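K.L.:
here is the input, now give the coordinates:
(2 chains)
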Amino acid sequence: MKRTWWAFTASLSLVVACASGQARPAAQATVPAPAAATETTSVNRPQYPSTYHRHANPPVLVKNATIMTAAGQQIANGSILFRDGRIVAVGATVVAPAEAVVVDGTGKFVTPGIIDDHSHLGVYAAPGTDAESDGNEATNPVTAEVWAEHSFWPQDPQIPLAIAGGITTIQALPGSANLIGGRSAVLKLIPARTVQEMKFPGAPYGLKMACGENPKRVYRNRGPSTRMGNMAGYRAAFIQAEGYREKWDKWNKTHQGDPPARDLRLESLAEVLRGHMLVQNHCYRADEMAQMLDLGHEFGFKIRSFHHAVESYKIADLLAREGTAVSVWADWWGFKEEAMDGIHENAALNQAAGVRVIIHSDDPSGIQRLNQEAAKAMYAGQRAGIPITEDQALRWVTANPAWALGIDSIVGTLEPGKMADVVVWSADPFSVYAKALQVYNDGWLVFDRNDPAHQPRTDFELGQVPTTGEDR
Amino acid sequence: MIALILAQTIAITGGTVYPVSGPKLEHATVLIRDGKIAAVGTTVTVPPDATRIDATGKWVTPGLIDGAGQMGLVEIGAVPGTREGSLRGDTIAAAFNVAEGVNPASQVIPVTRVEGITTALATPAGNLVSGQAVLLDLAGATIEEMMVKSPVAIVADLSENGKDDAGGTRAGIAERLRGVFRDALEYERRKTDFSRAQMQPLGASARDLEALLPMLHGQLPFLTIANRRSDIETALRLAREFKLHLVLGGAQEAWEIAGEIAAAGVPVLVEPLDNIPSYDALGVRYENAALLAKAGVKVVLLETDTHNSRNLKQQAGNAVSYGLPWDQALRAVTLSPAEVFGVADRYGSLEAGKVANVVVWSGDPFEFSTAVEHVYIRGKEIPLKSRQTELFERYRKLPPSY
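P.N.:
This is a model prediction of the structure:
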């Protein structure tokens, strides 16, 4: 993942790192329903539950700012009030309680927290040595049994950098070496000691799948070594999963005899078939995305989002009909053959066709400025005569990734009742000169650019990475 | 036909002109004739035969120069057959000049130039001494037509990556380079003995030693990648010992010793958005460019991703966000790279007599909302087309008509 200075090897390393998937079963949805007779077996016990809790904070009123709701409204000289982790009011005039902390937003812009639905933070942590290379279980083409959260390192020094870019939620994904790479983790991006403290409560798991060049290259000596081999690999896995699901569903209903043997790999795939887990599919080429949609039809599941999807503009009509989102870059192209047809207007053409568009990073540097990446894609569309609005482009990095992660009822817009994930920007976030000034995660001020007391540092950084303004 | 194009006279009138070599000029004219800038100013007389381009309300700047990457040397990152930037089997590849690997038909070239980048470095990579970089204009059917200067510098790698070719230690890098430099000078003194095989074996091939001589005589820059503060100091030490014309690249922790670098008169090539810590440089940070410039270092801004060399504009905008004054940022992607690469007599600013690499923008070149309206390379208007614009045109309405 690490960029080398002359950039040449950087593109090569992307080849394996990027892929996507999404994460995590609602509550205990992953676990077959408990039965009285089996209360002593593992399936009935909590499976690495979230220990996330909201930090107690006073109410906050940001006033006189431009409020960009990502829900169709842009309010000049507006205010937003949040308390107890929830947005209370957004509007031209908002009455705040006496105890509220008041932030003067004059000249500033307020948006929902930015959400990256494709990150490898924590699983490909800095400083990027082999010791932290935990993103690809590249030992078998199908590893649906691995969970990204079991690799995730909360002390990754890339986390504070992403927070300073306005990121409040990420999907941490396994890499794309495998046909089926494993479960993703949907995480609140906050300082924490354990990944459990970061797990987004109630978020479903995602399943990372990958098409094309990566799996067939990684497994060329043992198979799959072709795109048709890739397809056969997915199909074989889901055929097994169908049988597994049937056995467990039947047993859960009747509790007759011994429970079936537990198989972690098939358990994940069965959850996809039940519709509890969201498929996040790394796939570049248009023709391959069409194959994957057919795979979904064959086994009765939906693909939630195609990730990277550099050719999605070629089949935007098909994607709109299928209701599958696309998670794309603004301008990455050319680092491998399946990325040769990337164009600047990809996001805008998909938006115009009615596809749900997401701008993702897949990169520890890019995640720090998803607002800028969305700006590039928005203006490229506008220049090409596609009238993308700022609200739509803001949704590319807020409400739409929230939908891809199955958490859009909780985060992604500035509307009363939503979780108080809020970013205050120094300027219009679609300007190259805008910086996140304050980042609130569930009402907690996790970053304040102008206050040394609110600049999170990981354990890794202490004593070896100089802070801003500090010399050694 | 060629003569006709070269004879063309173009007057870009009414725009806000940023010559870089001087203050901006409102409602000014840039006159281009025979591939060169003929005049710049507010009182320029436009000849009647000139093609007039109304730039009222627009910004006019020199074409941007990206001082990094492998333009023309890589078509598809993951396809080795399309990569030309690294020489295998020669860790001191000083004689390796990348020029003949350049593909003037590369699709990356039009994609880049339509975004206002008109000149780029093609840089060798890998090995301890990587080879010779060349500077290219992003137009021309042949390598000769594209060439601005060859060689521009000898490139070496004093970062962690260079250790692979130096026995696995940083001290090994320094000692190997010293040995090779001394051998080159020895070789120069005793060429006759060398050809009679009356010398001890030398630390590199005769070709490579020969290629180092212009650099060792201060006629060619020693462009070295070094990121850790101590590695940068090693580079400065080597430069002092051998009286090298040093240029630092990458230089992630350079901000920590900005004063020392300024005092040594060493320019620095920086990628502003480089801030992911590694053991090569835990101190890497966004403010590097600004802190260096503040200390008086000549800074050149880079986008090192060849395929997105066009994001040099975004790099520069972010450098401004993190403290580099805007006019210095513009200079750091135009005149400063021209100076560092030894072509400032011909490139980098809008001045009479210079090569007419000129861009007309709808606004601030660093802003995402800004469109590129006209690009001139060597005085010739570049069509704003690339393989990517063709793909867009084909698929803007679905299904496409073939």
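
K.L.:
which residues pair with the residue of the stretch 101-250 of chain B found nearest chain A across the strands?
P.N.:
Of all residues in the stretch 101-250 of chain B, residue B:250 sits closest to chain A, at 4.0 Å by CB to the nearest CB. To be clear about C-beta, it is placed using only N, CA and C from the backbone, and glycine gets the same treatment. Note on residue B:250: beta-bridge partners residue B:226, judged by DSSP bridges.

K.L.:
which parts of the stretch 201-350 of chain A are helices?
P.N.:
All helices of the stretch 201-350 of chain A, identified by DSSP state H, counting those that start in this stretch, fall at A:213-218, A:227-254, A:264-273, A:286-299, A:316-322, A:346-353.

K.L.:
other SSEs contacting the shortest one?
P.N.:
Contacts of helix A:213-218 with other secondary structure elements, assessed using 3 or more CB pairs under 8 Å, 6 or more residues apart in numbering or on different chains; DSSP states H and E, are made with helix A:8-17, helix A:227-254.

K.L.:
which residues does residue B:132 bridge with?
P.N.:
When assigned by DSSP bridges, residue B:132 has beta-bridge partners residue B:97, residue B:154.

K.L.:
number of nearby residues for it?
P.N.:
Applying other CB atoms under 10 Å in any protein chain shown, we find 26 other residues in the vicinity of residue B:132.

K.L.:
measure it to residue B:144 for me?
P.N.:
For residue B:132, the distance to residue B:144 (CB to CB, to the nearest Å) stands at 16 Å.

K.L.:
cool, residue A:420 as well?
P.N.:
For residue A:420, the distance to residue B:144 equals 62 Å [CB to CB].

K.L.:
how about the secondary structure of the residue lying closest to residue A:393 once chain neighbours are set aside?
P.N.:
Excluding the flanking residues, the one nearest residue A:393 by CB to CB, 6 or more residues apart in numbering or on different chains is residue A:378, at 3.8 Å. The three-state assignment at residue A:378 reads helix, by DSSP: H, G, I helix; E, B strand; the rest coil.

K.L.:
so what's residue A:378 up against?
P.N.:
By CB atoms under 8 Å, 6 or more residues apart in numbering or on different chains, the contact list for residue A:378 reads A:347-348, A:388, A:390, A:392-393, A:396, A:430, B:368.

K.L.:
go through the residues you listed and flag which are in helices.
P.N.:
If you go by DSSP state H, these have A:347-348, A:390, A:392-393 in helices.

K.L.:
format the residues you listed as JSON lines; extra columns: distance to residue B:122.
P.N.:
Below are the ones in helices among the contacts of residue A:378 laid out as JSON lines (distance: CB to CB, whole Å):
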{"residue": "A:347", "distance to residue B:122": "31"}
{"residue": "A:348", "distance to residue B:122": "32"}
{"residue": "A:390", "distance to residue B:122": "39"}
{"residue": "A:392", "distance to residue B:122": "39"}
{"residue": "A:393", "distance to residue B:122": "35"}
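
K.L.:
can I get those residues in TSV with pLDDT?
P.N.:
Formatted as TSV, those follow (pLDDT from 0 to 100):
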residue	pLDDT
A:347	98
A:348	98
A:390	98
A:392	98
A:393	98
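
K.L.:
neighbour-wise, which of those leads?
P.N.:
When neighbours are counted by other CB under 10 Å, residue A:347 leads the ones in helices among the contacts of residue A:378 with 34 neighbours.

K.L.:
mind listing what it touches?
P.N.:
Residue A:347 makes contacts with A:326, A:328, A:330, A:357, A:359, A:374, A:377-378, A:380-381, A:388, A:396, as judged by CB under 8 Å, 6+ apart.

K.L.:
quick revisit: touching, the residue of the stretch 101-250 of chain B closest to chain A and residue B:226? I think so.
P.N.:
Yes - Residue B:250 lies in contact with residue B:226 (CB atoms under 8 Å); the separation is 6.6 Å.

K.L.:
quick check: neighbours shared by the two?
P.N.:
residue B:159.

K.L.:
of residue A:420 and residue B:144, who's got more company?
P.N.:
Comparing residue A:420 with residue B:144 by other CB under 10 Å, the one with more neighbours is residue A:420, at 27 against 10.

K.L.:
excluding chain neighbours, what is closest to that one?
P.N.:
Per CB to CB, 6+ apart, closest to residue A:420 is residue A:82, 3.6 Å.

K.L.:
which positions in the stretch 151-300 of chain A make contact with chain B?
P.N.:
Within reach of chain B by CB under 8 Å from any CB of the partner chain, the stretch 151-300 of chain A has these residues: A:157-158, A:161, A:213.
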